[in-house]
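Q: fold the following, please.
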Amino acid sequence: MSAVNGRRSLQPLTACVTSGFPDAPYPSTAAYFTAYAAELAKAANSIEPATIERAAAVLLEAYQRGSMVFSCGNGGSAAIANHLQCDHVKGVRSATDLTPRVVSLSSSVELLTAIANDIAYDDVFAYQLQSQSMPGDVLIAISSSGRSPSILRALTWARGHDLRTIALTGFDGGDAKALAEVAIHVDVANYGIVEDLHQSVMHTLAQYLRQSRMTADAIAGNVF
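A: So this is what the prediction gives:
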């Protein structure tokens with residue numbers, strides 16, 4: 001399945017390292033969970049650590065210079081984009097010298113529906129960037145399929161207007177993987193597993209950046 005205009009179509013995606021899960025019925029919830037956990041671990045190993053390092057460097061530079069970071073996604077990816085705003089604004093700031101400026105473009109149902117209704121759903125993120133972003137800001141685009149038109153339009157606009165871009169993708173990565181300056185790719189064809197790992201990557205970036213600005217005693221005395 002692929003995500004198009006916020007909906008999942010039945011068009012097949014290119015096979016990945018871990019594909020076709022589940023490919024047969026499971027006899028119990030427990031058996032399914034065991035298999036799911038194994039697939040999750042396998043998919044986690046498909047992520048290139050260097051891409052997470054590069055993303056962290058982009059974000060740290062933005063936070064240090066006071067640039068804006070924008071996140072966006074559709075469906076489950078919208079929830080991750082919204083959660084990212086919480087963990088990077090509040091979490092990264094806690095007990096550090098950083099004051100991240102992060103906005104989720106997926107958070108305002110009023111604005112999203114106005115743009116979708118009056119202009120086009122494909123423009124819901126790019127339109128907001130046109131009003132709110134400046135050169136040097138960062139866009140984090142989250143898309144399991146990497147094919148959602150609204151995500152691709154936002155990445156294309158951002159690239160053309162000197163924003164730095166990070167994409168979190170799954171399946172075969174779609175065009176988003178190629179468009180982004182930094183692409184953190186989960187090589188698996190299961191929406192739940194991709195979204196679980198995108199959430200883990202989001203938490204990793206927030207917690208790593210936070211602890212990187214703390215002393216050893218401060219880290220030991222805080223909860224992450």
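Q: spatially central residue in the protein, please.
A: Nearest residue to the geometric centre of the chain (Cα atoms, centre = their mean): residue 142, 3.4 Å.
Q: so which strand or helix has that one?
A: Per DSSP states H and E, residue 142 falls inside strand 138-143.
Q: all strands of this protein, in order?
A: 2-4, 7-9, 68-73, 101-104, 138-143, 164-169, 182-185 (DSSP state E).
Q: which of these sits most buried?
A: strand 138-143 (a mean of 30; mean count of other Cβ atoms under 10 Å). C-beta coordinates here come from the backbone N, C-alpha and C atoms, glycine included.
Q: partner strands of it, parallel or antiparallel?
A: strand 68-73 (parallel), strand 164-169 (parallel) (DSSP bridges).
Q: coming back round to it: separation between the nearest residue to the residue nearest to the centre of the chain once chain neighbours are set aside and residue 195?
A: Nearest residue to residue 142 in three dimensions, chain neighbours excluded: residue 73, at 3.6 Å (Cβ to Cβ, 6 or more residues apart in numbering). For residue 73, the distance to residue 195 equals 9 Å [Cβ to Cβ, to the nearest Å].
Q: got any residues that touch both of these two?
A: Here residue 73 and residue 195 have residue 80 as joint contacts, going by Cβ atoms under 8 Å, 6 or more residues apart in numbering.
Q: quickly list what the nearest residue in space to residue 89 that is not next to it in sequence is bridged to.
A: Spatial nearest neighbour of residue 89, excluding adjacent residues (Cβ to Cβ, 6+ apart): residue 102 at 5.0 Å. On the basis of DSSP bridges, residue 102 is bridged to residue 69.
Q: report the outermost residue of the protein with respect to its centre.
A: Farthest-from-centroid check, the chain (Cα atoms, centre = their mean): residue 27, 33.2 Å.
Q: cool, thanks, talk later.
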